[in-house]
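>>> from the sequence below, what's the structure:
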Amino acid sequence: MDNSGLHIPESGSLDLLSLGALNHRVDPGIIPFNKATEWHVYPSGGEYNVAANLSDCFHLRTGMVSAMVDYPIGDLIAAQVRTMGLKAFYKHFAHNGVTGPNMATVYSDQGHGVRAPVVFYNRANEAAALLKPGDFDWKAILGEGVRWLHSGGIFAALSETTGEVIIEGMQAARKAGVVTSFDLNYRAKLWNLWGGHERAQSVVRRIVENVDVLVGNEEDLQLGLGIAGPKVEAKSKLDPSVFFGMIDQVTSLYPRIKVVATTLREVHSTNHHSWGAVAWINGQTYQSPTCELDVYDRVGGGDGFAAGLFYGLLTGEDPQVAVNLGWAHGALLTTFPGDTTMATLDQVRAFAKGGSARIQR
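So this is what the prediction gives:
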């Protein structure tokens, strides 16, 4: 029984299709970059992470619409996309051997204890930022049978054309009866390069007019959509009252939206977080349990939550179960290196029911 109000298509060749930028994250572990002499490479991207998690852990059929540069870094990323089981729909770009276009690099160390992680980018001449309306044949892509289309605010912020690509894709999805979701993921650094805060809101608002499921915390709602913060004050980072206090404004401005969800995180130190999740689903509010995380790598936890939540909604789980699955998967994801999942569905279901870290024999 579908209690979400989403009217998700019952079948399709792809359960979820993500639209966004592929990149590669380099991680020197706990060594800061100014002292690091080696690092690990993890193919990544907020939208990709969701589709990869749904394929690898939750065994759904997923795909990725993105830019791909035909050079060795692109080959590395494309190989990981295949390994994670995604069907790729690429606009290909040739690399000129010197300046690009490039697959973006995200630099992110892990920090440790009282030392926070440090994140910075090299998105110079990024191929995904060159994507524009008309680059993808949405009728053909969606005609294969897609149940859900997902995108996010980082891709929207890359250039003056990427937000228009999202709007084009989502409008085509609406015509095809496909559910749409958007992770607000507001990044001021990216928007400030070409549009600033006001431009960001004008683009994001036009996107969200086409959205059924919205992921984002109170700050995302305020900065990305211009929703005023409510009068209530949160007692802690894990108190959902501020988030729930903003939902009426969101749904009155965007009546199409049936789901709004976010994670709740209290950072005690780099490696110790308290973790929860909340959602408003079709008029009802839901809250996960809270757990204490011993964090190995925090990057991708929010995408892990989104994947578990979407899985629950796509498979017709009770909304509370869907929220708990997202919360559990996001928690587990922080125990692995890299941005995408290494969890099994059994592990996620066990933790969502209140499982523990006792050894599994």
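
>>> hang on, Tyr71 packs against Asn96?
No: using CB atoms under 8 Å, Tyr71 is not in contact with Asn96, being 9.4 Å away. C-beta: built from backbone N, CA, C; applies to glycine.

>>> who has more neighbours out of these two?
Tyr71 (17 against 10; other CB atoms under 10 Å).

>>> residues touching the more buried one, list them.
Tyr71 makes contacts with His95, as judged by CB atoms under 8 Å, 6 or more residues apart in numbering.

>>> where's it relative to Gly63, distance?
Separation of Tyr71 from Gly63 (CB to CB, to the nearest Å): 23 Å.

>>> what do you get for Gly330?
For Gly330, the distance to Gly63 - CB to CB - is 22 Å.

>>> ends of stretch 231-243, how far apart?
Using CA to CA, to the nearest Å, the end-to-end distance of stretch 231-243 comes to 11 Å.

>>> show me what counts as buried in that stretch.
Buried positions in stretch 231-243, judged by neighbour count with 16 or more other CB atoms under 10 Å: 239-240, 242-243.

>>> repeat that for stretch 76-95.
Result for stretch 76-95 [16+ other CB under 10 Å]: buried residues 77-78, 80-81, 84-87, 89-91, 93, 95.

>>> from these, which two are the most distant?
Greatest spatial distance in those: Gly85 and His95, 26.3 Å, computed using CB to CB.

>>> do a quick rundown of the strands in the chain.
Using DSSP state E, the strands found in the chain span residues 16-19, 23-27, 40-44, 62-70, 87-94, 104-108, 119-122, 148-152, 179-183, 213-215, 259-269, 272-281, 284-287, 291-294.

>>> which elements pack onto the first one?
Right, strand 16-19. helix 46-56, strand 62-70, strand 148-152, helix 162-175 (3 or more CB pairs under 8 Å, 6 or more residues apart in numbering; DSSP states H and E).

>>> just send these back as TSV, with distance to Arg205 too.
Shown next, in TSV, are the helices and strands packed on strand 16-19 (distance: least, CB to CB, whole Å):
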stretch	distance to Arg205
helix 46-56	19
strand 62-70	22
strand 148-152	15
helix 162-175	10
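
>>> report the contact partners of Thr285.
Each residue near Thr285 by CB under 8 Å, 6+ apart is listed here: 240, 244, 247, 278-279.

>>> same deal with Met68?
Taking CB under 8 Å, 6+ apart as the criterion, Met68 is in contact with 22, 74, 77-78, 88, 90-93, 103, 127.

>>> hmm, back to that, any idea which of the buried residues of stretch 76-95 is closest to Glu317?
Taking CB to CB as the measure, Gly85 is the one of these closest to Glu317, at 21.6 Å.

>>> need phi/psi at the closest one.
phi 90, psi 20 (degrees, to the nearest 10).

>>> you'd agree it is up against Leu54?
No: the criterion here is CB under 8 Å, and Gly85 misses it with Leu54 at 9.3 Å.

>>> joint contacts of those two?
Thr62.

>>> how about Ile207, what does it touch?
Contacts of Ile207 (CB under 8 Å, 6+ apart): 151, 156, 163, 166-167, 170, 182.

>>> before we move on, what about His112?
30, 270-271.

>>> now rank these by neighbours and give me the top one.
Result: Asn271 is most packed of the contacts of His112 (other CB under 10 Å), 19 neighbours.

>>> for the residue nearest to that residue when sequence neighbours are not counted, grab the count of nearby residues.
With sequence-adjacent residues excluded and distances taken as CB to CB, 6 or more residues apart in numbering, Asn271 is closest to Val295, at 4.9 Å. Counted by other CB under 10 Å, the residues lying close to Val295 total 21.
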